[in-house]
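Q: my questions concern the predicted model and sequence given below.
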Amino acid sequence: MQLSSTCACKSHAQLDFQLLICHLPVLYGISAVCDGGQTRSQPMEGKAISVGVLCIQGAFIEHIHKLTEISKQNEIPITVTEVRRPDQLSSLDGLIIPGGESTTLSVFLKKNDFEECLKSWICNEQHPGVVWGTCAGLILLADELTGQKKGGQVTIGGLKVQCSRNTFGRQMDSFESTIKLKHPPLYEATPPTPPSYIQPLNEDECHGVFIRAPGILKINDPSVTVLATQGENVVAVQQDHIIATTFHPELTNDTRWHMYFVNQIAQRKERKGQ
């Protein structure tokens with residue numbers, strides 16, 4: 001199928017600091033149209049799952065690629081919204097908060113009235129929403145944060161863990177590693193072939209990319225489930241509808257994390273009767 005898109009590159013320089021964001025995701029050969037910051041995989045049958053990706057900084061376009069890829073491969077109707085305004089949250093079934101610079105994200109959220117809207121969306125028990133924070137997204141979701149910059153930063157909270165910024169070191173200490181999956185639904189599918197410099201993966205392993213990664217120092221409530229570890233380090237957790245990873249699954253060729261996220265949304269919608 002030929003790629004069809006009405007997307008074009010636009011400048012969003014008015015959002016308190018200059019942003020130049022391209023609206024033309026690579027859609028892996030699937031026909032799509034973009035309208036108002038939404039990517040809709042077509043044609044699909046059934047009710048679509050509406051997923052938002054917070055598009056402020058970080059690898060948000062890679063998350064969009066992964067969602068589009070699993071939509072095509074699994075024939076799941078997924079509508080992806082590039083979220084840059086608080087009023088875009090209300091219609092979402094799920095939200096991804098990508099990595100980036102956590103202090104910069106905090107400044108944006110505070111100045112653009114996002115902070116309280118995000119907290120309300122995440123805490124709304126009547127809504128089937130699932131939120132997934134990767135890297136800096138984990139920092140924003142953690143209830144307890146150590147190693148804050150002077151003056152502190154915005155934390156949305158909700159996830160009962162203690163988190164530390166730059167646990168694995170600074171940018172130059174970024175690394176890639178094999179991760180052990182601890183939650184069976186994550187390794188139901190066969191893992192993809194990793195890069196040549198990573199050892200072949202067992203079914204309960206995945207390839208992890210750690211970039212100035214935060215750490216999960218302590219789990220503060222039994223409701224938090226460990227999803228994955230790297231050596232002795234907890235690197236992925238879930239508490240009900242909140243998922244967090246210290247690493248970047250979107251920067252690998254593995255779609256299992258995004259598939260798990262979408263399945264969590266579908267199951268929650270079903271339980272809520274929506």
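A: Yep, it's here. Numbering: from 1, shown residues only.
Q: shaky segments in the stretch 101-250 of the chain?
A: Per-residue confidence of the stretch 101-250 of the chain (counting by pLDDT under 70) places the weak regions at 128, 149-153, 167-173.
Q: helices of that one, residue ranges please.
A: Using DSSP state H, counting those that start in this stretch, the helices of the stretch 101-250 of the chain run over residues 102-111, 114-123, 136-141.
Q: most tightly surrounded among these?
A: With neighbours defined as mean count of other C-beta atoms under 10 Å, the helices of the stretch 101-250 of the chain peak in mean count at helix 136-141, which reaches a mean of 28. For every residue, glycine as well, the C-beta is placed using N, CA and C.
Q: for that one, the distance to its chain's centre please.
A: Averaging C-alpha positions (C-alpha atoms, centre = their mean, to the nearest Å) puts helix 136-141 10 Å from its chain's average.
Q: what's the answer for stretch 209-222, then?
A: The gap between the average C-alpha position of stretch 209-222 and the chain average comes to 15 Å, counting by C-alpha atoms, centre = their mean.
Q: quick one: end-to-end length of that stretch, please.
A: Start-to-end span of stretch 209-222 (C-alpha to C-alpha, to the nearest Å) is 27 Å.
Q: what residues sit buried inside it?
A: Of the residues in stretch 209-222, those buried under the neighbour-count criterion (16 or more other C-beta atoms under 10 Å) are Val209, Phe210, Ile211, Arg212, Ala213, Pro214, Gly215, Ile216, Leu217, Ile219.
Q: pull the CA atoms of the longest helix seen in the chain into PDB?
A: Selection of the longest helix in the chain by residue count, based on DSSP state H, yields helix 256-272. Output in PDB follows, covering the C-alpha atoms of helix 256-272 (Å, rounded to 0.1, in the frame of the first residue of the first chain):
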ATOM      1  CA  ARG A 256       6.300  -5.600  22.500                       C
ATOM      2  CA  TRP A 257       6.200  -2.700  25.000                       C
ATOM      3  CA  HIS A 258       3.900  -0.600  22.800                       C
ATOM      4  CA  MET A 259       1.800  -3.700  22.200                       C
ATOM      5  CA  TYR A 260       1.500  -4.200  26.000                       C
ATOM      6  CA  PHE A 261       0.600  -0.600  26.500                       C
ATOM      7  CA  VAL A 262      -2.200  -0.800  23.900                       C
ATOM      8  CA  ASN A 263      -3.500  -4.100  25.300                       C
ATOM      9  CA  GLN A 264      -3.700  -2.400  28.800                       C
ATOM     10  CA  ILE A 265      -5.800   0.300  27.300                       C
ATOM     11  CA  ALA A 266      -8.100  -2.200  25.600                       C
ATOM     12  CA  GLN A 267      -8.500  -4.200  28.800                       C
ATOM     13  CA  ARG A 268      -9.200  -1.200  30.900                       C
ATOM     14  CA  LYS A 269     -11.800   0.100  28.400                       C
ATOM     15  CA  GLU A 270     -13.500  -3.200  28.500                       C
ATOM     16  CA  ARG A 271     -13.600  -3.300  32.300                       C
ATOM     17  CA  LYS A 272     -15.100   0.200  32.300                       C
END
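Q: good, we can wrap up now.
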